[in-house]
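[1] Sequence and computational prediction follow.
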Amino acid sequence: MKHTIRFTQQKIGRYQTLVAAQVYRQQAALAPFRYQAMPELDPALLSPQFDDSDWQVLAPHTYWGGADTHFVLRNYFTVPANFTADAPIA
């Protein structure tokens, strides 16, 4: 006996509805990222105390890169206190 599963458009739609409720259950906005193009990574950039205040600030949903560009992005994020500790964040 051969059994096949066919994912029809209706079945896929039902699965999307089930999954959608689980996506982004907990979310918080991120501040814009800071961007710096550079030929190679400087280990000093990994320090939280590194001063990136003169780096370009990237607005959300904008194009900022180019082909074969080496770059560093920096940002800070704190998990909000109202997030459930044992639930996935992303």
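    Now that the structure is in, tell me what you want to look at.

[2] Quick check: next helix or strand after the lowest-mean-pLDDT helix or strand in the chain?
    When the helices and strands of the chain are compared on mean pLDDT, DSSP states H and E, helix 9-20 comes out lowest with a mean of 83. Remark: after helix 9-20, the chain's next helix or strand is strand 34-37, criterion DSSP states H and E.

[3] So which residues make contact with that next one?
    Applying C-beta atoms under 8 Å, 6 or more residues apart in numbering, the contact partners of strand 34-37 are 45, 52, 55-58, 64, 69-75. For every residue, glycine as well, the C-beta is placed using N, CA and C.

[4] Please spell out the ChimeraX selection for the buried subset of those residues.
    Entered in ChimeraX, the line below selects the buried ones among the contacts of strand 34-37, by 16 or more other C-beta atoms under 10 Å:
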select :52,55,58,72
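
[5] Switch the contacts of strand 34-37 over to CSV; also include pLDDT.
    Output for these, formatted as CSV (pLDDT from 0 to 100):
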residue, pLDDT
45, 85
52, 94
55, 95
56, 94
57, 96
58, 94
64, 84
69, 86
70, 88
71, 89
72, 90
73, 91
74, 92
75, 91
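
[6] wait, which of the contacts of strand 34-37 is closest to residue 24?
    Nearest to residue 24 out of the contacts of strand 34-37 is residue 75 (C-beta to C-beta; 18.5 Å).
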